[in-house]
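Enquirer: What shape does this take:
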Amino acid sequence: MTQPAYDFSERVVVVTGGSRGVGAGIVAAFVAAGARVVACGRHEAEVDGALFVTADVRKPADAERVVAKAVEHFGRLDVLVNNAGGAPHAMAADASPRFVEAVVALNLLAPLWCAQSAHKVMSVQEDGGAIVNVSSVSGLRPSPGASAYGAAKAGLINLTATLAVEWAPLVRVNCVSGGLLDTGAGDEFYGGPGGLERMAATVPLGRMGTPDDVAQACLFLASPGAAYVSGANLVLNGGGEWPAFLRAQGEA
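Expert: Residues are numbered from 1 along each chain as shown. Prediction:
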């Protein structure tokens, strides 16, 4: 399928968690569209076509430093993609306070710290800017084994809508919520290649999502084509999940 062409020439983009997985896909898509990209992560990395900054965006000072580095090198900031996130599997009854705090800090507080820093720059630019938060369907449905993560992602979806109101009209804020994603590193998590096939079979479109699916959504939401889109949550789940009652009917 031919992908739409986006032109981000002369635009400056910051992508958090941009060294691997979905983040690397987002960086690659913006670079291919001509953007000048700053990627960040907690561990030193080389990211093709992007300036990399080592930072832990759970710390407000680090979030501010990443944005400052983008402005220092390129003179402005047009797009922030809050992609850094994730959490190991943990049942709610067993999750320690330290674990929960770390998960919420990464998936909810870090995007807020980065957005605040980006807003300081975008709000004084004549053409403002766009912020895209990467959330998850875990924030929209029960998520056993990921209670803190799901709650934080639900908070991120709400934060998106609130910031879109507070920061309009110069700064648009939107959200992308991914469903089942095959990042190339999840074979073990999903039970190997066979597990990936079984997961894909639960999706109406017949496949799991990819980092590029998320990247294309981010490109759209950051583009002039989405100039009247703000406060939205674009759900990328391939049609969702087959309703349990249909499966039960088939087994009856």
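Enquirer: Quick one: neighbours of the nearest residue to Ser147 once chain neighbours are set aside, just the number.
Expert: Counting by Cβ to Cβ, 6 or more residues apart in numbering, the nearest residue to Ser147 once its immediate chain neighbours are dropped is Ala92, at 4.1 Å. For the C-beta atoms, the positions are set from N, CA and C on the backbone; glycine is no exception. Using other Cβ atoms under 10 Å, Ala92 is surrounded by 14 other residues.
Enquirer: quick one: Ala92 and Ala151, what's the gap?
Expert: When distances are taken as Cβ to Cβ, to the nearest Å, Ala92 and Ala151 turn out to be 10 Å apart.
Enquirer: what does Leu205 give?
Expert: Remark: distance between Leu205 and Ala151 (Cβ to Cβ) = 28 Å.
Enquirer: swap in Leu77?
Expert: In this view, Leu77 and Ala151 are 29 Å apart by Cβ to Cβ.
Enquirer: go on, Gly18?
Expert: Here the criterion is Cβ to Cβ. By it, Gly18 lies 25 Å from Ala151.
Enquirer: Which one's more surrounded, those two?
Expert: Ranked by neighbour count (other Cβ under 10 Å), Gly18 and Ala151 place Gly18 first, with 29 against 19.
Enquirer: tally of neighbours for the nearest residue to Ser138 once chain neighbours are set aside?
Expert: With Cβ to Cβ, 6+ apart as the measure, Gly150 is the residue that lies nearest to Ser138, at 4.1 Å, once sequence neighbours are left out. Neighbour count of Gly150, defined by other Cβ under 10 Å: 23.
Enquirer: who's in contact with Gly150?
Expert: By Cβ atoms under 8 Å, 6 or more residues apart in numbering, the contact set of Gly150 is 136, 138-139, 141-143.
Enquirer: Now do the same for the residue nearest to the spatial centre of the chain: helix, strand or coil?
Expert: When the chain is reduced to its mean C-alpha position, the closest residue under Cα atoms, centre = their mean turns out to be Val134, at 2.2 Å. Secondary structure for Val134, judged by DSSP: H, G, I helix; E, B strand; the rest coil, is strand.
Enquirer: And for Glu10?
Expert: coil.
Enquirer: go on, Met199?
Expert: helix.
Enquirer: okay but it is in contact with Leu180, surely?
Expert: Yes - judged on Cβ atoms under 8 Å, Met199 makes contact with Leu180 at a distance of 5.4 Å.
Enquirer: list residues touching both of the two?
Expert: Taking Cβ under 8 Å, 6+ apart as the contact rule, the neighbours common to Met199 and Leu180 are Met208.
Enquirer: Where do the helices of the stretch 151-252 of the chain begin and end?
Expert: In the stretch 151-252 of the chain, the helices defined using DSSP state H, counting those that start in this stretch lie at 192-201, 211-222, 244-251.
Enquirer: So for Ser117, which of these sits nearest?
Expert: Relative to Ser117, the nearest member of the helices of the stretch 151-252 of the chain by Cβ to Cβ is helix 211-222, separated by 17.2 Å.
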